[in-house]
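Asks: turn this into a model:
(one chain, ligands or ions: 1)
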Amino acid sequence: MKVALGVTGCIAAYKSIEVMRGLQKAGAEVQVVLTRSAAEFVAPLTYEALSGRSVILDMFRPELNRDIRHISLAQSIDLLAVVPATANILGKMAHGIADDFLSTLYLSTPAPVLIAPAMNAEMWRHPAVRANVETLRGRGHHFVDPEPGMLACGIEGDGRLAAVDGILDRILGVLGGERDLEGLRVLVTAGPTVEDIDPVRFISNRSSGKMGYAVAQAAHARGAGVTLVSGPVSLPAPAGVEMVRVRSAAEMGEAVMRLFPGTDIVVKAAAVADYRPAEPAAGKIKKGEGAKTLSLERTDDILARLGREKKGQVLVGFAAETDNLLDNARGKLTGKNLDLVVANDVSRGVFGEDEATVHILRRTGETVTLRQRPKGAIARAILDLALEARRTRGAEAP
Ligand code: CTP
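Replies: Model prediction:
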């Protein structure tokens, strides 16, 4: 297990020493890579003395790096962790600038990347930084977001490096095949619902269930106990996941409300009918002369009810829209009291595809866009952000 720990220049740089020590205790081999400005905050000798190995300092001073080359390191690591990450390194990573060892290592490694930013609250809020963070999240990198608190510049706000223990947990989670949902119960809904008109006919929709099934599978792979409440689809049940098969919106609502109290994260990917036939016929409806009118009544909005009744659960809703995608999605985020909403544009026949473009809207106002990505990758990003929402809430608790 080999980690490259990139340290960039800000006041929180000294905390990377604890991260390095924690990783070593957990049995990881750690190669520290300091940027030039990080070395202004913490002397390279500190890392060298504590880790017993030389620190990589600067690409253009080979005498400091002895026989280490960025390409060989890039190929040998299991993870690149940048702790703390300044606004500057986020900008360089987002835009592919390689002007020192760390930024060059980033471009040349196939390993997963974890980023723990720390900076002044104004900088963290700046649109340029927000855009860079979104770009990097869109590449599937893991973020441990900064926490609110007193900053070195003397003001309160978001920007303080996350707690070292939380960063270590995430790093070890990613290294250990991401068992970071161990101990959590995740409830996923998937597929369409089917509303009977009579014993022969029904109203349904084009949902294939692929997104919800991908979320259930990804959550199980990361150690969660997963229950999947599924409408009728033609997908195999994901291994290790408890299945509850339902047909109608009412059946789905009943199953979800029963399971909700013991759940930590709910991902409502199902396309639930908003209306059902008011009086389904017991026998087959026979045709007659002229037009026929079908009377429909509203179903309960399951997600809105979860939003009203939630007690600490993280709620993830979906917004399938053909018009005003982001505005409508934001309306659902606040209107249904969700933590995240996954918005997808369904005007171009995306049902049943293996890839999708989605915008994940967070309560913080930030939007993460994933373009034409496999549904498995989108599922993992949703779970990352759901965990992040859970952590941030924990950090806010008294
Ligand atoms: N949803 C639900 N119960 C319903 C309808 C929808 O739980 N009766 C959930 C879906 O699972 C999804 C989210 O609400 O996570 C959004 O569903 P969508 O149909 O896109 O939006 P609605 O809120 O129903 O609003 P509208 O149909 O007006 O767009």
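Asks: number of residues surrounding the nearest residue to residue 261 once chain neighbours are set aside?
Replies: On the basis of Cβ to Cβ, 6 or more residues apart in numbering, the spatially nearest residue to residue 261 that is not a chain neighbour turns out to be residue 311, at 8.0 Å. No exception for glycine: its C-beta is placed from N, CA and C like everyone else's. A count of nearby residues for residue 311, using other Cβ atoms under 10 Å, gives 6.
Asks: residue 311: which element?
Replies: Element membership for residue 311, per DSSP states H and E: none, as it lies in no helix or strand.
Asks: residue 122 now?
Replies: Residue 122 is part of helix 121-125 when elements are defined by DSSP H and E.
Asks: sec struct for the residue lying closest to residue 239 once chain neighbours are set aside, please.
Replies: In this structure, residue 239 finds its nearest non-sequential neighbour in residue 220, 7.5 Å apart by Cβ to Cβ, 6+ apart. When states are read from DSSP: H, G, I helix; E, B strand; the rest coil, the local structure at residue 220 comes out as helix.
Asks: state the pLDDT value of residue 220.
Replies: Predicted confidence (pLDDT) for residue 220: 90.
Asks: got the contact list for it?
Replies: 226, 238, 239, 240, 241 (Cβ atoms under 8 Å, 6 or more residues apart in numbering).
Asks: tell me the SS of the fourth one?
Replies: What it means is residue 240. Secondary structure state of residue 240, per three-state DSSP, is coil.
Asks: any idea how far residue 226 is from it?
Replies: Residue 240 sits 7 Å away from residue 226, going by Cβ to Cβ, to the nearest Å.
Asks: give me the more crowded residue out of the two.
Replies: Neighbours were counted for residue 240 and for residue 226 using other Cβ under 10 Å; residue 226 has more, 26 against 12.
Asks: greatest separation within the contacts of residue 220: which pair is it?
Replies: Farthest-apart pair in the contacts of residue 220 is 226 and 239; separation 10.6 Å (Cβ to Cβ).
Asks: okay, the helix holding residue 122 in CSV with CA atoms only?
Replies: What follows is helix 121-125, C-alpha atoms only, in CSV (Å, rounded to 0.1, in the frame of the first residue of the first chain):
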residue,chain,number,x,y,z
ALA,A,121,-13.3,31.2,3.3
GLU,A,122,-13.5,33.9,0.6
MET,A,123,-11.2,31.9,-1.6
TRP,A,124,-13.1,28.7,-1.0
ARG,A,125,-16.3,30.5,-2.1
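Asks: next helix or strand past it?
Replies: helix 127-138.
Asks: so what does that next one touch, helix or strand wise?
Replies: With contacts defined as 3 or more Cβ pairs under 8 Å, 6 or more residues apart in numbering; DSSP states H and E, helix 127-138 has these neighbours: helix 87-95, strand 113-117, strand 142-143, strand 367-374.
Asks: relative orientation of the longest one and strand 113-117 in degrees?
Replies: Note on geometry: by axes from the mean of the first three to the mean of the last three Cα atoms, to 10 degrees, helix 87-95 and strand 113-117 are set 150 degrees apart in direction.
Asks: which residues does helix 87-95 contact?
Replies: Helix 87-95 is contacted from outside by 6, 8-9, 35, 82, 97-99, 102-103, 106, 113, 115, 117, 119, 123-124, 126, 128-129, 131-133, 135-136, using Cβ under 8 Å, 6+ apart.
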